[in-house]
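K.L.:
Show me the folded form of this:
(3 chains)
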Amino acid sequence: MTILDVKNLKKYFPIHKGLLRKLVGHVKAVDDVSFSVARGETLALVGESGCGKTTASRCIMRALQPSSGEINITIDGKTTDLAPLQKAELKPFRRHMQMVFQDPFSSLNPRMMVGDLIAEPLLINGMDNESERRARVRELLDLVSLPTAYMNRFPHAFSGGQRQRIGIARALALNPSLIVADEPVSALDVSVQAQIINLLLDLQDRLGLSYLFVAHDLSVVKHVSDRVAVMYLGQLVEIAPTEALFVTPRHPYTEALLSAVPKPDPRARQERIILSREVADAANPPSGCAFHPRCSFATDQCKSERPHLQDLGQGHQVRCHHARTLALQGVGPSV
Amino acid sequence: MPPILMVDLMTTSQPLLSVKNLKTYFALDDGVVKAVDGVSFDIHAGRTLGIVGESGCGKSITARTILGIVDRPGRIEGGEIWLTRQAEDGTPYQTDLLTLPLEGSEMRAIRGKEIALVFQEPMASFSHYYTVGNQIMESILLHTALGEEGARQRAIDLLGMVGVPKPERRIDDYPFQLSGGLRQRVMIAMALACDPHVLIADEPTTALDVTTQAQVLNLLQTIQKERALSVILITHDMGVIAEMADDVVVMYLGRAVERGPVDAIFYDPKHPYTKALLRSIPSITAKPRTKLATLEGSIPHPFARPKGCPFHPRCAEAIKGVCDRYEPVPIAQGEGRDVSCFLYGGQP
Amino acid sequence: MSTDQTSREEQFAVATQWQLTWWRFRKHKLAVLSGLIVIAFYIIVLFADFFAYADPHATDSRRSHIPPQTIHFFDDGAFKPYVHGLTQKRDLRTFKLSYQIDPDRKVYLDVFAEGYRYNLFGLIPSSTHLLGLKNAQPEDGIFLLGTDLVGRDLWSRIMVATRISLTIGLAGVTVSLFLGVLLGGLSAVYGGVVDMMIQRLIEILRSMPTIPLWMGLAAALPNTWTVIQVYLAITIIISFLGWTDLARVVRGKFLALRNEDFIAAAELAGASQFRIIFHHMLPSFLSHIIAATSLALPAMIISETSLSFLGLGLRPPAISWGILLQDAQNIETLALAPWLLAAAVPVIIIILAFNFLGDGLRDAADPYG
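P.N.:
Residues are numbered from 1 along each chain as shown, chains lettered A, B, ... in the order given. Below you'll find the model as predicted:
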């Protein structure tokens, strides 16, 4: 059963120039992105900085107004498109989708006690009884394995990992069905990162949550996700079940991305695939396939013709003209 | 072109740089932070030493201490840093950098010329008001006999060598006109401007995307091979260490807990911290949705460094009455290998 | 770990931002000292007439240009402060009065003495003053800082001037603060055209040369206005330019905060705009506003002082620091009565104190910065 179904999502930022702020073009931060998340599933949205993954997730949360497209969310069997809704109309849906942020320092108001921080969504959404709220906060602290005695402390007393737990508790306060996690572990130290990854997996099993997991670290993604969507310059270039994407990538960019990840094994040193050049400017994307200037397999067709997302079966979709003929190297298989 | 000097130094068995029992403390209002507390290691010519650890372990302060650029209120409290150098007639001799005045002319000559540094965030280490060419040339003019014209030509050559496209045009760009990856390349070009023997790279790829990181790591490897450069690579990423380092120092809260060749560290870790750290790294070949082994607790605040072995509160193998009381000393574990842990002897 | 350390950590863990700010501020010794000085000055503002001992408006041609007196604290080895009496002589060639200390006559000082009548806070009639004389003859007096040409006591006048100069600064800053928070906040919250118009207005105001603008505005004040009316008008004139800085601080903080994830988190939890602004944003930059205010105050005080000094601000019979310094304008007076410059001392002290205090507050306001 699908909980989130994103269709043809676009977010264009206008570029103004000169004294009169004349409109000279658009940055296509998210350009026609479609995917869905099933109930209880984790979809990872991966890509490098500027690929549009964060913008896409903020549009889905409706922290940004999408330029066009649909954001269908299914709650209790009823599907609603969030894209055209006004701020006030969104409020009843907010409780069903919550966000976990990247920076555990900026995401907690330093002037509020932990108990009040976690209780805020409850208060806003009509839980007026204070003792009820406190009981719920205790429950939530317990859920993220923090001592309930921490309620009266302020965020400055906590380490990055503990703050991230507080952020997760706040996101869970309203019993949401969907959690959008924007790089939730990338600001943490390795030893703490593992704790938070485990906590997220654990909570998913216990509460039946669905995750949209935005990340750049493919090793982390491998541990948490059921399916992976790879973005490049605002477009989805490949989407597949995790194992299939890592072992048999079908897009040259995914292959390069996998190859570039440093492997923590000194005996497995190998030639990395080094992409030439840098990511193109999103305000001025290349013609044809956006990846062609950096792609070693590019042909004339790639330069002129924009590829469509084609279905290769078994949930594997890829935006490449030569997806069926290229023999690309993945990592794994899993051990 | 690698200078002849390198060949001479490579034939000696002396380490190029030998750090012994280094200590750098920060005296703050709330107490003393022992940012680096007794760290020792050797770097041989043409090899890469990786210093790895999590936040607050003191890896960056170690690099800054070697160059004598610790910011106040930090103070180098003790230790020795022996740099092997070459006299006019070619005979090698050694200098303890800590005996030189920090702002003296000799130390300034060593910084940049013999030991160069590449920072994590290139934008913060460039001036916004000068072109990248000016900034590279500054160091060349300062440390060599080349004139303005020669320095410019050398700067263009360097930019070409680190893979900056159209270097003769890029040399007149300002840092903000370059992408993160190009800035890091320029930073490396700048560090190489005076043919240093030792290059310290402090998290050189942390701010970069993974494909750009691959480009920069490749560049560092190529340059190192061409010039027989000694590299000290400081990072928190065990993956980067596995791919780049020959020898590894693992640090935790200011102490070097384990030291050894890269293969031994990854395949035969001794210290409980190293073991736990390696187990907790997410792996790209893991089965989807598998939990990780975790290291309990969080890294203590440097103010509240635990007594005894700083790792003991998180250590599953801690010996009660020993690890929480006494500080372990490095115990040799074969050639080039030592571990600071009571599990390997060295009773208090 | 010792229990002492644990309780200290516990205390830190539950400390509010105000406590953290106070702990940081406390470490800044110069700022704490400056804070005490500022408090002392505002105590003088509240009880100016009490600290004065002579009617600041009372003229007496026989007391023209008396130099500052020395207070002797010990008499016969006991603490018994006194001043010597004065005898005056007129130089028959220059017709200038000169004063000689009469070493035989001791006039003892008294505290909480009776003196001229005044209304405390403008309401409570009183005649108690901090200082007075015990066994005084009518011609005796205290002249701690000397007198001016028409025989008014400078110390008493400085006390009363402090009241006007410091309250006008405070009133000016209040008006500026109101305008700054309102317009800066509007600018940040609405953005777009509103933001552009407010920002251009700020730029235009800031590009105007201050002194000529003030002169123009002050010159437009009708001569017939009462002291109170002029006082209010001057307040508005000096805050007219002062709000721009505060508006910029507010706008900058607002925009910076809007990008903080905790604001986004509140929005995504369904919080209203009102709750976000008043519950999350305002408390976050209140401390910055306080710091900015204490840095803006000295500019206000200087403004009033300069305007009055140039004769464009308050006019006698009002007494302010600027008006007192007017007396020290010509070189002849300075040569004859250099003590009149003493009126500049409180100006310098309070300006420095406000600056140090503001710096200390600014540093302390951000416990993480």
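K.L.:
end-to-end on stretch B:160-168?
P.N.:
8 Å (CA to CA, to the nearest Å).
K.L.:
Give me the buried stretch members for that stretch, please.
P.N.:
Under the neighbour-count criterion of 16 or more other CB atoms under 10 Å in any protein chain shown, stretch B:160-168 has B:160-164, B:167 buried. The way it works is simple: take the backbone N, C-alpha and C, and place the C-beta from them, glycine included.
K.L.:
How many neighbouring residues does the residue in the stretch 201-348 of chain B positioned nearest to chain C have?
P.N.:
Proximity of the stretch 201-348 of chain B to chain C (CB to the nearest CB) peaks at B:A304, 7.5 Å away. If you count neighbours by other CB atoms under 10 Å in any protein chain shown, B:A304 ends up with 10.
K.L.:
does A:A260 really touch B:L208, like I thought?
P.N.:
No: with contacts counted by CB atoms under 8 Å, A:A260 stays clear of B:L208, the gap being 10.4 Å.
K.L.:
Confirm for me that A:R153 is in contact with C:T16.
P.N.:
No: A:R153 lies out of contact with C:T16 (CB under 8 Å); the separation is 10.9 Å.
K.L.:
When those two are compared, which one has more neighbours?
P.N.:
Shown here are A:R153 and C:T16; by other CB under 10 Å, A:R153 has more neighbours (21 against 13).
K.L.:
got the contact list for the more buried one?
P.N.:
For A:R153, the contact set (CB atoms under 8 Å, 6 or more residues apart in numbering or on different chains) comprises A:113-114, C:13-14.
K.L.:
Can you check the pLDDT for it?
P.N.:
The model reports A:R153 with a pLDDT of 89.
K.L.:
Kindly report the same for A:D311.
P.N.:
At A:D311, the pLDDT value in this model is 93.
K.L.:
what residue lies at the spatial centre of the chain?
P.N.:
I went with chain A, as the question did not name one. A:V214 (2.1 Å; CA atoms, centre = their mean).
K.L.:
For whatever helix or strand it lives in, which helices and strands make contact with it?
P.N.:
Secondary structure from DSSP states H and E places A:V214 in strand A:210-215. The helices and strands touching strand A:210-215, judged by 3 or more CB pairs under 8 Å, 6 or more residues apart in numbering or on different chains; DSSP states H and E, are strand A:2-17, strand A:22-38, strand A:42-46, helix A:53-60, strand A:178-182, helix A:218-224.
K.L.:
would you list those in a markdown table and tack on distance to A:L245, mean pLDDT and mean neighbour count?
P.N.:
Shown next, in a markdown table, are the helices and strands packed on strand A:210-215 (distance: least, CB to CB, whole Å; pLDDT from 0 to 100; neighbours: other CB atoms under 10 Å in any protein chain shown):
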| stretch | distance to A:L245 | mean pLDDT | mean neighbour count |
| --- | --- | --- | --- |
| strand A:2-17 | 18 | 92 | 17 |
| strand A:22-38 | 13 | 90 | 18 |
| strand A:42-46 | 9 | 96 | 26 |
| helix A:53-60 | 15 | 94 | 24 |
| strand A:178-182 | 19 | 95 | 24 |
| helix A:218-224 | 9 | 93 | 24 |
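K.L.:
Quick check: which of the ones you listed is nearest to chain B?
P.N.:
Closest to chain B of the helices and strands packed on strand A:210-215, according to CB to the nearest CB: helix A:218-224, at 4.1 Å.
K.L.:
mind saving the C-alpha coords of that closest one as CSV?
P.N.:
Output of helix A:218-224 as CSV, limited to C-alpha atoms (Å, rounded to 0.1, in the frame of the first residue of the first chain):
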residue,chain,number,x,y,z
LEU,A,218,25.8,5.2,0.1
SER,A,219,27.1,2.9,2.9
VAL,A,220,24.5,4.3,5.3
VAL,A,221,21.9,4.0,2.6
LYS,A,222,22.8,0.4,2.1
HIS,A,223,22.0,-0.3,5.7
VAL,A,224,18.6,1.4,6.0
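K.L.:
what sits up against it?
P.N.:
Contacts for helix A:218-224 (CB under 8 Å, 6+ apart): A:42, A:44, A:46, A:185-186, A:193, A:197, A:200-201, A:211, A:213, A:215, A:228, A:242, A:246, A:257-258, A:261, A:334, B:210, B:239, B:281-286, B:288-292.
K.L.:
now those: which count as buried?
P.N.:
A:42, A:44, A:46, A:185, A:193, A:197, A:200-201, A:211, A:213, A:215, A:228, A:242, A:246, A:257-258, A:261, A:334, B:210, B:239, B:281-286, B:288, B:292.
K.L.:
Just the ones in strands from these, please.
P.N.:
A:42, A:44, A:46, A:211, A:213, A:215, A:228 (DSSP state E).
K.L.:
Test my guess that the third one contacts A:Y232.
P.N.:
I take that to be A:V46. No: contact criterion CB under 8 Å: A:V46 and A:Y232 do not qualify, at 10.0 Å.
K.L.:
rewinding a little: so which pair among the ones in strands among the buried ones among the contacts of helix A:218-224 is furthest apart in space?
P.N.:
Spanning the widest gap among those are A:V46 and A:Y211, at 13.3 Å by CB to CB.
K.L.:
Report all helices and strands that the longest helix along chain A contacts.
P.N.:
If you go by DSSP state H, chain A has its longest helix at helix A:190-207. Judged by 3+ CB pairs under 8 Å, 6+ apart, the packing partners of helix A:190-207 are helix A:160-172, helix A:218-224, helix B:272-279.
K.L.:
Any buried residues in it, and which?
P.N.:
Counting neighbours by 16+ other CB under 10 Å, one finds that the buried residues in helix A:190-207 are A:190-201, A:203-204.
K.L.:
now stretch B:88-106
P.N.:
So for stretch B:88-106, counting by 16+ other CB under 10 Å, buried means B:95, B:97-98, B:100.
K.L.:
Could you export it as CSV, CA atoms only?
P.N.:
Listed next in CSV are the C-alpha coordinates belonging to stretch B:88-106 (Å, rounded to 0.1, in the frame of the first residue of the first chain):
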residue,chain,number,x,y,z
GLU,B,88,74.5,22.8,2.3
ASP,B,89,76.9,19.9,1.6
GLY,B,90,74.2,17.3,1.5
THR,B,91,74.7,15.6,4.8
PRO,B,92,71.4,15.0,6.6
TYR,B,93,70.9,16.4,10.1
GLN,B,94,68.0,16.7,12.4
THR,B,95,66.3,19.6,14.1
ASP,B,96,63.8,19.5,16.9
LEU,B,97,61.1,21.9,15.7
LEU,B,98,59.9,22.6,19.2
THR,B,99,63.3,24.1,20.1
LEU,B,100,62.9,26.7,17.4
PRO,B,101,61.2,30.0,18.2
LEU,B,102,57.6,29.7,16.8
GLU,B,103,57.7,33.0,14.9
GLY,B,104,61.4,32.8,14.1
SER,B,105,62.7,33.0,10.6
GLU,B,106,63.8,29.3,10.6
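K.L.:
Can you list phi and psi of the residue in the stretch 151-300 of chain A that chain B sits nearest to for me?
P.N.:
Nearest to chain B in the stretch 151-300 of chain A, going by CB to the nearest CB, is A:P262, at a distance of 3.0 Å. The phi/psi pair for A:P262 (degrees, to the nearest 10) reads phi -70, psi 130.
K.L.:
That'll do, ta.
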